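S.K.: kindly return the folded structure for what I paste below:
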Amino acid sequence: MTLLTAERTSPPRPERAARPALRPEIQGLRGVAVLLVVAFHVWTDRVSGGVDVFFVLSAFLLTGSFVRRVDQGRPLAVTSYWLRTFSRLLGPLSVMLLAVLATVLLLFPPSRWDTFVGHVWGSLFHVQNWVLAAEAVDYYAGGGASSTPLQHTWSLSLQGQVFLVWPLLLAGTAWVAHRSGLRFRVLAGGLFAALFAASLAWSVHATAATPDGAYFSSLTRVWEFALGSLAALAAGALPRVGAPSGAARRALAAGLGWAGLTAVVAAPFLIDAQTRFPGSVALAPTLGATAVLLAGSLAVGTRGGVDRVLATRPLIWFGDRAYGIYLWHWPLLVTYALVAIREDVPVLHGLGILAGSLLLTRLTAPLTRLPVLLVLLVRTVRASARRPLLGAGDLARLVATLVLVAVPVGAAHSGTLVRAAHQQGIERTEANYPGAAVLRGEASAPEGVPPVPTDAERETEWGETGLECAVEDGRDRIGELGDCWAVGPTDGSVPTRTLVVIGDSHAMQLLTPITRAAEQHGWKVISYLRMACRYAGPSPGLGDECNAFNAAARDAALAQAPDAVLTIGTRSLAGAPHEELVDRYEEGVAPLLEAGLPVVAFRDNPRFDYDMFECVETYGADHPRCNVARSQALQEVNPLLEVAARHEGLHAVDLTDRLCTEDVCPAVIGNVVVYRDLDHVTSSYGATLTPDVEQRLRSTLAW
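M.R.: Numbering: from 1, shown residues only. Down below sits the predicted model:
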């Protein structure tokens with residue numbers, strides 16, 4: 001009676017009632033849903049809607065079982081239901097959790113261990129969806145190597161929460177119906193209709209406002225389960241499935257069934273990658289699943305009916321194994337991306353992931369059962385007891401499973417705490433974090449020191465700009481076109497030199513070493529910055545606002561008459577030829593040179609086609625992916641040299657030898673992460689470049 005379980009959809013034989021009619025098409029619909037989930041996880045970045053189908057099916061079966069008990073006057077046995085359901089679900093889940101824990105400790109970098117252990121606890125106790133929501137995990141990023149191998153258990157956690165709450169709601173409704181004399185089905189229908197309406201309304205709002213959190217939220221998903229419960233109530237109000245059906249009823253069933261299956265299968269193909277879930281868009285697969293369920297309640301075995309297709313052996317075969325496939329496919333996908341160092345999955349490799357999921361489901365099945373000694377112990381206790389201990393076997397299995405998982409996970413958790421305490425005890429000194437000093441030959445990086453900055457600090461790793469500049473520094477000329485910052489002597493003394501920096505975020509990142517050098521020598525630094533607007537002469541490709549900013553920054557620099565103007569003269573590229581001169585750069589610096597102002601053109605730092613900070617977090621600093629060949633980062637010869645040779649006042653400064661070795665451009669140098677993303681140098685690493693920037697500026701400008 002659960003989403004994704006391998007158990008057949010027919011409930012156990014009641015003691016005092018006829019067995020409900022078999023619904024093999026439900027198992028076939030499970031097969032369709034799990035194949036959609038795997039296909040769209042492996043080969044696309046879209047939402048499949050398959051999990052939403054599972055939600056409807058699980059609530060349909062759960063509610064139908066309890067409604068039949070109420071109709072027959074049988075005890076609801078909520079506690080027995082909980083023990084039976086969770087003991088069955090936790091067996092396969094626990095094996096998967098332990099296998100993935102071992103894989104993570106073996107293959108994944110230590111920086112990810114602590115987060116992963118937290119995800120194991122969240123998965124084991126069915127709160128993983130809230131853990132992921134709190135971490136602001138981007139579900140839509142897909143199953144790449146940076147994803148957690150347990151991200152998929154969010155749906156199992158949500159399902160577990162419903163399995164706890166739904167029986168209480170149904171039991172409470174039955175109690176109210178008994179005390180009030182009202183019909184149970186009417187009360188239950190009103191309850192689930194209210195849940196459906198309220199949750200769907202909130203889902204639409206939250207999905208638009210906070211899509212990442214809304215995806216995992218229980219509150220935005222309750223309506224999908226409520227829809228399954230409403231379908232169960234509606235199906236139960238119809239005459240028994242085996243009853244004779246008229247032609248009109250058979251035709252309605254056939255049309256409804258095919259329309260529902262079409263909606264389930266077509267939804268992921270019609271919803272693009274930018275569409276946010278669940279919201280109103282999730283109505284397509286959920287209403288489709290509901291239509292299939294109601295069609296089977298109207299009539300079965302209709303010629304041309306969808307139930308004949310869904311009841312075919314291949315789909316039922318996949319439906320029987322849906323839980324195992326779902327459990328294993330995502331960890332295999334994430335591990336594949338990590339080991340293969342790729343984000344895309346070839347067709348054959350994807351089929352291999354599906355086959356691996358099936359194989360692991362088969363191989364681990366014996367491990368999900370209670371150990372023999374424990375079974376014998378439970379049987380002995382039950383046999384010797386005066387009164388049979390109902391559910392003792394399920395309780396023992398549930399407790400044993402929790403213990404068998406909690407012990408190794410607890411040990412791993414303790415290990416991560418010890419490691420974290422050790423890391424926190426490491427002082428952030430130049431000896432531990434020499435950064436560029438390693439490439440200067442002044443220091444060596446000690447081993448066993450975790451790189452900095454951490455992910456929590458990444459957003460602060462921009463250049464040190466100083467304070468907002470005064471009007472006399474050119475703020476009125478820049479206006480709303482960009483930002484104006486200034487750093488100068490704090491003791492009130494007159495600056496020995498004045499520098500003006502013009503450019504975009506790459507100029508901003510250089511401000512850390514520039515301003516630190518300025519503080520040492522009493523220089524003043526004024527910066528005119530506009531993000532995504534590299535300094536150059538007028539160009540249609542830059543856009544009107546960028547051209548206006550560059551003109552204003554040029555005029556402000558001329559008005560300051562500084563000792564030098566600093567710019568970025570090249571633009572790095574993720575692909576070949578990897579580097580180019582900034583378009584119209586010579587035209588941009590010409591007015592400055594004509595005014596007799598020295599211009600320093602810094603060479604750009606490398607740019608990559610993936611996030612280097614995440615590379616370190618995902619693979620570790622020593623991984624080849626995080627150490628790109630220098631020939632694939634920049635051109636062999638600095639393009640600025642030829643330009644500088646044509647202009648007496650134009651000077652080229654190249655920091656490549658402090659960003660790359662002779663062979664590679666690493667993501668981590670001297671235990672300091674070099675890049676905060678694809679192409680921006682962290683302020684932490686920039687600080688270690690201070691001696692290089694100072695020496696090269698003074699040497700170039702003969703100061």
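S.K.: which stretches of this structure have low pLDDT?
M.R.: 1-21, 140-142, 239-245, 273, 368-392 (pLDDT under 70).
S.K.: which phi and psi values does the residue positioned nearest the centre of it adopt?
M.R.: For the chain, residue 138 is the residue whose C-alpha lies nearest the centre (CA atoms, centre = their mean; 3.5 Å). Main-chain dihedrals, residue 138, degrees, to the nearest 10: phi -90, psi 100.
S.K.: residue 212 is in contact with that one, correct?
M.R.: Yes. Contact criterion CB atoms under 8 Å: residue 138 and residue 212 qualify, at 5.5 Å. Backbone N, C-alpha and C define where each C-beta goes, glycine included.
S.K.: can you tell me the element the closest residue to residue 485 other than its chain neighbours falls in?
M.R.: Among residues not flanking residue 485 along the chain, residue 465 sits closest, at 4.0 Å (CB to CB, 6 or more residues apart in numbering). Element membership of residue 465, judged by DSSP states H and E, is empty: it is in no helix or strand.
S.K.: contacting residues around residue 465?
M.R.: By CB atoms under 8 Å, 6 or more residues apart in numbering, the contact set of residue 465 is 483, 485, 487, 508, 511, 515, 527, 529.
S.K.: also residue 137?
M.R.: By CB under 8 Å, 6+ apart, the neighbours of residue 137 are 148, 151, 212, 216.
S.K.: most neighbours, which of the residues you listed?
M.R.: When those are compared by neighbour count (other CB atoms under 10 Å), residue 148 ends up highest, at 27 neighbours.
S.K.: surely that one meets residue 116?
M.R.: Yes. At 6.4 Å, residue 148 and residue 116 qualify as touching, with contact defined as CB under 8 Å.
S.K.: and this structure, what are its domains?
M.R.: Using automatic domain parsing, the domain ranges for the chain come out as 24-87+116-369, 463-610+636-658+685-701.
S.K.: for residue 638, helix, strand, or coil?
M.R.: coil (DSSP: H, G, I helix; E, B strand; the rest coil).
S.K.: the closest residue to residue 211 other than its chain neighbours in helix, strand or coil?
M.R.: Leaving aside its chain neighbours, residue 211 sits nearest to residue 276 (4.0 Å; criterion: CB to CB, 6+ apart). At residue 276, secondary structure determined by three-state DSSP is coil.
S.K.: and the gap between residue 276 and residue 354?
M.R.: 27 Å (CB to CB, to the nearest Å).
S.K.: what ranges do the helices span in the stretch 601-703 of the chain?
M.R.: Taking DSSP state H, counting those that start in this stretch as the criterion, the stretch 601-703 of the chain carries its helices at 612-619, 640-645, 683-688, 690-701.
S.K.: could you pull out the helices for the stretch 151-300 of the chain?
M.R.: For the stretch 151-300 of the chain, the helices defined by DSSP H, counting those that start in this stretch cover 153-180, 184-209, 211-216, 222-237, 247-270, 283-298.
S.K.: actually the stretch 1-150 of the chain, not the one I typed
M.R.: Under DSSP H, counting those that start in this stretch, the stretch 1-150 of the chain gives helices at 24-43, 50-72, 78-107, 113-124, 128-134.
S.K.: buried set for the longest one?
M.R.: The one in question is helix 78-107. Residues of helix 78-107 classed as buried: 81-101, 103-104 (neighbour count, 16 or more other CB atoms under 10 Å).
S.K.: and that helix with helix 612-619, angle?
M.R.: If you take axes from the mean of the first three to the mean of the last three CA atoms, to 10 degrees, helix 78-107 sits at 110 degrees to helix 612-619.
S.K.: again with the first one
M.R.: Counting by the same axes, to 10 degrees, helix 24-43 points 130 degrees away from the direction of helix 612-619.
S.K.: following the host helix or strand of residue 549, which helix or strand comes up?
M.R.: Element membership for residue 549, per DSSP H and E: helix 544-560. Downstream of helix 544-560, the next assigned helix or strand under DSSP H and E is strand 564-568.
S.K.: what does that following strand rub up against?
M.R.: For strand 564-568, using CB under 8 Å, 6+ apart, the contacting residues are 497, 499-504, 506-507, 510, 514, 534-535, 557, 582, 585, 588-589, 592, 597-604, 697, 701.
S.K.: quick one: strands adjacent to it?
M.R.: Strands adjacent to strand 564-568 in the sheet, as given by DSSP bridges, are strand 497-503 (parallel), strand 599-602 (parallel).
S.K.: now those as CSV including distance to residue 662 and mean neighbour count?
M.R.: Below are the strands paired with strand 564-568 laid out as CSV (distance: least, CB to CB, whole Å; neighbours: other CB atoms under 10 Å):
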stretch, distance to residue 662, mean neighbour count
strand 497-503, 28, 25
strand 599-602, 21, 26
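S.K.: residue 231: which of those strands is closest?
M.R.: Nearest of those to residue 231, taken as CB to CB: strand 497-503 at 60.6 Å.
S.K.: contacts for the closest one, please.
M.R.: 507, 510-511, 514, 518, 521-529, 533-535, 550, 553-554, 556-557, 560, 562-568, 703.
S.K.: quick one, strands of the stretch 451-600 of the chain?
M.R.: 467-468, 483-487, 497-503, 523-529, 564-568, 570-572, 579-581, 599-602 (DSSP state E, counting those that start in this stretch).
S.K.: show me what counts as buried in stretch 213-225.
M.R.: Neighbour-count burial for stretch 213-225 [16+ other CB under 10 Å]: 213-218, 220-225.
S.K.: repeat for stretch 458-467
M.R.: For stretch 458-467, by 16+ other CB under 10 Å, it's 458, 461-466.
S.K.: ok, so of those, who is nearest residue 642?
M.R.: Closest to residue 642, out of all of those and judged by CB to CB, is residue 463, at 28.3 Å.
S.K.: ok, that closest one touching residue 509?
M.R.: Yes. Checked against CB under 8 Å, the pair residue 463 and residue 509 is within contact range at 4.7 Å.
S.K.: shared neighbours of these two, anything?
M.R.: 683, 686.
S.K.: may I have the phi/psi pair for residue 603?
M.R.: The phi/psi pair for residue 603 (degrees, to the nearest 10) is phi -80, psi 140.
S.K.: ok, it to residue 684 distance?
M.R.: 21 Å.
S.K.: ok, now residue 395?
M.R.: Residue 395 is 53 Å from residue 684, by CB to CB.
S.K.: before we move on, what about residue 608?
M.R.: 18 Å.
S.K.: count the residues that sit near the residue nearest to residue 314 when sequence neighbours are not counted.
M.R.: Once flanking residues are discounted, residue 314 sits nearest to residue 31: 7.4 Å by CB to CB, 6+ apart. Counted with other CB under 10 Å, residues neighbouring residue 31 total 22.
S.K.: which residues does residue 31 contact?
M.R.: 310, 314-320, 322.
S.K.: and the domains of the chain as JSON lines, adding distance to residue 430?
M.R.: Conversion of those to JSON lines gives the following (distance: least, CB to CB, whole Å):
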{"stretch": "domain 24-87+116-369", "distance to residue 430": "31"}
{"stretch": "domain 463-610+636-658+685-701", "distance to residue 430": "8"}
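S.K.: of all those domains, which one comes closest to residue 452?
M.R.: Here domain 463-610+636-658+685-701 is closest among those (CB to CB), at 9.4 Å.
S.K.: now do the closest one: distance from first to last residue.
M.R.: Terminal residues of domain 463-610+636-658+685-701 are spaced 23 Å apart (CA to CA, to the nearest Å).
S.K.: how far off centre is it?
M.R.: Relative to the chain's own centre, domain 463-610+636-658+685-701 is displaced by 36 Å; criterion: CA atoms, centre = their mean, to the nearest Å.
S.K.: what of stretch 628-644?
M.R.: 35 Å.
S.K.: next: stretch 292-301.
M.R.: 38 Å.
S.K.: how about residues contacting that stretch?
M.R.: Applying CB under 8 Å, 6+ apart, the set of residues contacting stretch 292-301 is 21, 23, 25-26, 29, 56-57, 60, 228, 231-232, 234-235, 238, 241-242, 245, 249-250, 252-254, 256-257, 260-261, 264, 305-308, 310.
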